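Novice: Have a look at this prediction, sequence included:
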Amino acid sequence: MAGQSDPHLSIFSPSEVEFVAEDEIVEIVPNIRMEALNMICGDFGPFFPQIPSKVPLWLAVALKKRGKCTIRTPDWMAVDRLTQVLDAERESPKEFQPLPFHYIEISKLLFDHARDDISDAYLVRSLIEDIRDVRFHKVETGLETISGRTHAVKLKNLSAMEVNIVRPFMVRTLQAFYKHDSPQMIQQADNTGSRTTPVTDRGPRRDLRRSLNLLTVFE
Amino acid sequence: MSSWEDDDSAAAAAAAAATTDVELLKRAWRNEKASPEILRFDSALVSRVREQIQLLEETLDDFGESGVDDLVVSLYQMDLDRTLFLLRSYLRLRLQKIEKYMMHISKSEDLLSRLSQQEQRFAKSCTEMMEKHLEQSVLSKLPYGYDSVTRQSLSSTEDDMVPEPQLDTFVFCKTKSDVGAFQLDDIGEEVVDLVADDLYVLRYKSIKGLVESGQIDLI
């Protein structure tokens, strides 16, 4: 997307977003016995073979890589759940379905490192890709509705990676509209006679309604 | 009514107790990354994290001698590396901001008070060096009236050569709890209802106070 290369606006790199996602808690089933880990980021374990235990994703992946556990696929990654979400995403063009804030990163890490633990992996993967596409299309259509005097946008249920991708574009658009719609700019335009609408016509009340309309567009 | 509030505050207290310092540092890191200006340095938090890092480094040294399982050692090492990354990234990020806005920060007592003592020293020496450099390389060769570090010329009414953070920019943020009706502008014409756990794109200037008081997180 345009603007993505702007270093000032892309404040998180994709790997940094993934770093944050690696702290999300998942369930593992260890095949070894290991004492409790008292780490800076929290206390986990003790671990016993075949007894499920909750750990951060990075720890799960580290154990999985060494063949010490299987990772349980989170409930939301089940085929029937994802099918429901996809249908709902398609049916409501102005709404995002609730999914984990890091659903893209979590599913990617699980596909990369624990593919054999996911049942119907192929189907799950294609469902998640479809969901991503549908959601992104909504974000793009939503962007088109941004106009002058948009001072607030509500993006309920948008995920971390989606935020990161749309950020540069969204911020620049809003800034540009904000700048050109500021009273000083309009005043200037009036003075030069290029704009016939008097300033008083642009009452703040109408502006409010417009910005609130926009708020609901993304809801 | 009051029992609701009690429940809420009890839940909040429990959540705060369960929050690790790494979690708090991660929040500070994300806020710092996403905010255009420099935020307040949490000395207590950083020194607590430093202590924990040091403690774990010592423990790891002991592990090496006492022959603890390699797997356990490598897991602790990963925990250490992740915390170190977070701390370094956070400190480096702040140094970058200080370098960028050193003159602006040096001018204001309020901004200076947000820095740690080391950062204040850095800002001071950085500003001195930059001023000296500009003076020697350019300003001393310019005619009278155009030789100020901070102003374009004598006719400037304000410091127009000092880079300042753009507080008008838009940021993505997530509410932690219900904030309620929140005024976005000075005159109260634009009000948004900030509901818990929702995602918004708002102007940084208008939610600055909420970021400082910890009611809203930048993402």
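Specialist: Structure received.

Novice: longest helix of the chain?
Specialist: By default, I'm working from chain A. Longest helix in chain A, counting residues (DSSP state H): helix A:121-144.

Novice: looking at chain B here, not the other one
Specialist: helix B:70-100.

Novice: So which elements touch the next helix or strand after that helix?
Specialist: Downstream of helix B:70-100, the first helix or strand assigned by DSSP states H and E is helix B:102-107. When contacts are defined as 3 or more C-beta pairs under 8 Å, 6 or more residues apart in numbering or on different chains; DSSP states H and E, helix B:102-107 sits against helix B:109-113, helix B:117-137. For every residue, glycine as well, the C-beta is placed using N, CA and C.

Novice: Switch those helices over to a markdown table; also include mean pLDDT.
Specialist: A markdown table is the format used below for the helices and strands packed on helix B:102-107 (pLDDT from 0 to 100):
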| stretch | mean pLDDT |
| --- | --- |
| helix B:109-113 | 94 |
| helix B:117-137 | 94 |
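
Novice: quick one on the thing from earlier: now the angle from the longest helix of chain B to helix B:117-137?
Specialist: Angle, helix B:70-100 to helix B:117-137, by axes from the mean of the first three to the mean of the last three C-alpha atoms, to 10 degrees: 40 degrees.

Novice: where does the residue nearest the centre of chain B land in three-state SS?
Specialist: The residue at the geometric middle of chain B, judged as the C-alpha nearest the mean C-alpha position with C-alpha atoms, centre = their mean, is B:E32 (3.2 Å). Under DSSP: H, G, I helix; E, B strand; the rest coil, the three-state class of B:E32 is helix.

Novice: wait, it sits on B:R92?
Specialist: No: in this structure, B:E32 is not within contact of B:R92 by C-beta atoms under 8 Å, at 10.5 Å.

Novice: Grab the nearest non-local neighbour of B:Y90.
Specialist: Distances taken as C-beta to C-beta, 6 or more residues apart in numbering or on different chains put B:W29 closest to B:Y90, at 4.5 Å, once the chain neighbours are dropped.

Novice: Contact partners for the one you found?
Specialist: With contact set as C-beta atoms under 8 Å, 6 or more residues apart in numbering or on different chains, B:W29 has these partners: B:86, B:89-90, B:93.

Novice: Kindly recompute the last result at 10 Å.
Specialist: For B:W29, the contact set (C-beta atoms under 10 Å, 6 or more residues apart in numbering or on different chains) comprises A:16, A:20, B:85-87, B:89-91, B:93-94.

Novice: ok, now B:S140?
Specialist: For B:S140, the residues meeting the contact criterion (C-beta under 10 Å, 6+ apart) are B:134, B:147.

Novice: so what pLDDT did it get?
Specialist: pLDDT recorded at B:S140 is 91.
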